[in-house]
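Trainee: Test case, fold it:
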Amino acid sequence: MQLQNYRTSIKEVGELLKEAYQTLKDAKKTVERFSEEAESTLAKVLGETIMHGEQRLKKKTQIGEQRIKSQTHAGQQRLKSKTKLGEQCLKINLHCGEERIEIKTHLGEECIESKVRTRVCSAHRLSTTFGRTLQQF
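Mentor: Residues are numbered from 1 along each chain as shown. Below you'll find the model as predicted:
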């Protein structure tokens, strides 16, 4: 009798082993399916994250480029304005310099004319005096 119970027990153990094996196969399939789904989900999330990061970088790059263009334009406008002011200062200084040269030239001419008149008068007086002196001899 013990042998019959033993055979049944072996038969039951065999069935249990078959069930356990089937359960392991099912678990393996479930794990593989879960792994594939996880991999797919991860790839999708990574793709979306990368795309989102690229979009953010692109937007920040565009903002940076716009800021550079704006600052460059502002700098060009300041440079034009300062150049125009510099040109106006140079024109004013040139005009003032020309006027000073004219005034000094005129004063120099007047001074020369005055000295020439003085010398002519002195020479005339001298010649008149010399002429009288000669006449007295």
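Trainee: what number of residues lie near Glu65?
Mentor: 10 (other CB atoms under 10 Å). Any C-beta I mention is one placed from the backbone N, CA and C, and that applies to glycine too.
Trainee: what helix or strand is it on?
Mentor: Take DSSP states H and E as the rule and Glu65 turns out to sit in helix 2-136.
Trainee: Show me what that helix is packed up against.
Mentor: Helices and strands in packing contact with helix 2-136 are not found; criterion 3 or more CB pairs under 8 Å, 6 or more residues apart in numbering; DSSP states H and E.
Trainee: same question for it, mean pLDDT?
Mentor: Helix 2-136 shows a mean pLDDT of 90.
Trainee: now that helix: how far from the chain's centre is it?
Mentor: 0 Å (CA atoms, centre = their mean, to the nearest Å).
Trainee: what about Arg100, how many neighbours?
Mentor: 10.
Trainee: same deal with Gln71?
Mentor: 10.
Trainee: Now do it against Ser35, distance only.
Mentor: From Gln71 across to Ser35, the span is 53 Å (CB to CB, to the nearest Å).
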